[in-house]
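**Q** predicted coordinates and the sequence they were generated for:
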Amino acid sequence: MVQINMQEREISLKVVYYGPALSGKTTNLQQIHSLIEAGTRGEMLTLDTADDRTLYFDFLPVHFDIHNGFSVKIKLFTVPGQVMHKSTRKVVLSGADAVVFVVDSQASSTTANSYSWRDMESNLTANSIDADAIPKVIQLNKRDLPEAQPLEEYEAIWPGIQRIPAVANTGEGVIETFRASLHGLYGSLNDEHRFGERFGLDEAQFVKSVLREFPRSNR
Ligand SMILES: Nc1nc2c(ncn2[C@@H]2O[C@H](COP(=O)(O)OP(=O)(O)O)[C@@H](O)[C@H]2O)c(=O)[nH]1
Ligand SMILES: [Mg+2]
């Protein structure tokens, strides 16, 4: 839920990384955490079990000074991918302003990917979020693995939705994905809150001022 606090001069946004178990959602947040300036990021909260699986969610707050003394706080969340955690995923999705769907590109994960996509749509709807309208980015992760499906296959599955290839554990594609999500966020901020007019920032300036905080990413 976009929150604009004029007194604190802070805009608060929520982005949820969704997808099947072990697709690389936690890895994305860990990479963002490692690439960002220490003063910009908050503490990353991870609730993983011993077998590397997210138990509830991961949480990483990032905080950017943008313009005219205004700052943007983006709360990044992941969901637990296992089928049994559906109710937890619903709670984590509530109030989301954008979603990043992390696909495991391996052929053996095709069913899990599409199950998770439908689960995301139904959980968005259950939260009264318009599943068609919310900004969505698809990250095609694990491109390094031999079993990775050809990129073209995904056009038929998710036509018209931006898809970004990635190898999240090396950082490849992680910032690109985050950047694409920022573009989507700007679009809805502008539509719903006349962001450009109120804050005097166009889309390119908004994205640039946030990504300034990633000097270590060389991107
Ligand atoms: N080979 C490969 N492994 C990855 C990639 N991204 C993540 N992983 C590994 O996949 C496993 C699951 O990742 P994790 O981020 O915990 O998945 P989550 O369940 O979606 O949070 C971990 O061992 C990661 O190191 C990738 O692009 N390629
Ligand atoms: Mg996880």
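**A** Thanks, I have it. Ligands and ions are numbered 1, 2, ... in the order given.
**Q** which helix or strand in this protein has the lowest average pLDDT?
**A** strand 45-48 (a mean of 74; mean pLDDT, DSSP states H and E).
**Q** tell me the buried residues in stretch 153-164?
**A** Within stretch 153-164, the residues that count as buried by 16 or more other Cβ atoms under 10 Å are Tyr154, Trp158, Gln162, Arg163, Ile164. Using the backbone N, CA and C atoms, a C-beta is placed for each residue, glycine as well.
**Q** quick check, nearest of these to Ala131?
**A** Each of the buried residues of stretch 153-164 was checked against Ala131 using Cβ to Cβ; the closest is Trp158, at 12.8 Å.
**Q** stretch 17-34 and ligand 2, any residue contact?
**A** Yes. Residues of stretch 17-34 contacting ligand 2 under Cβ under 5 Å from the ion: Lys25, Thr26.
**Q** residues in contact with Gln3?
**A** Contacts for Gln3 (Cβ atoms under 8 Å, 6 or more residues apart in numbering) come out as Ile11, Ser12.
**Q** in the sheet, who's paired with it?
**A** The partner list for Gln3 in beta bridges (DSSP bridges) reads Ser12.
**Q** count of neighbours near the residue lying closest to Gly173 once chain neighbours are set aside?
**A** In space, Gly173 comes closest to Ala166 once its chain neighbours are excluded; the distance is 2.7 Å by Cβ to Cβ, 6 or more residues apart in numbering. Ala166 has 27 neighbours, counted by other Cβ atoms under 10 Å.
**Q** ok, now Glu152?
**A** 7.
**Q** what's the answer for Val2, then?
**A** So Val2, with other Cβ under 10 Å, has 15 neighbours.
**Q** please renumber the chain so that the first residue is 35 from this point on.
**A** Okay, using 35 as the starting number, the last item reads as Val36.
**Q** now it: phi and psi?
**A** For Val36, the backbone dihedrals are phi -60, psi 130 (criterion: degrees, to the nearest 10).
**Q** what sits against it?
**A** Ile45, Ser46, Leu47, Asp131, Ser222, Leu223, Glu226, His227.
**Q** contact partners for the third one?
**A** In this case it means Leu47. Contacts of Leu47 (Cβ under 8 Å, 6+ apart): Val36, Val106, Lys107, Ile108, Lys109, Asp131, Ala132, Leu219, Leu223.
**Q** and what of the fifth one?
**A** Neighbour list for Ser222: Val36, Asp131, Ala132, Ala167, Ile168, Pro169 [criterion: Cβ under 8 Å, 6+ apart].
**Q** wasn't it part of a helix?
**A** Yes. Per DSSP: H, G, I helix; E, B strand; the rest coil, Ser222 lies within a helix segment.
**Q** what about it, distance to Ser215?
**A** As judged by Cβ to Cβ, to the nearest Å, Ser222 and Ser215 stand 11 Å apart.
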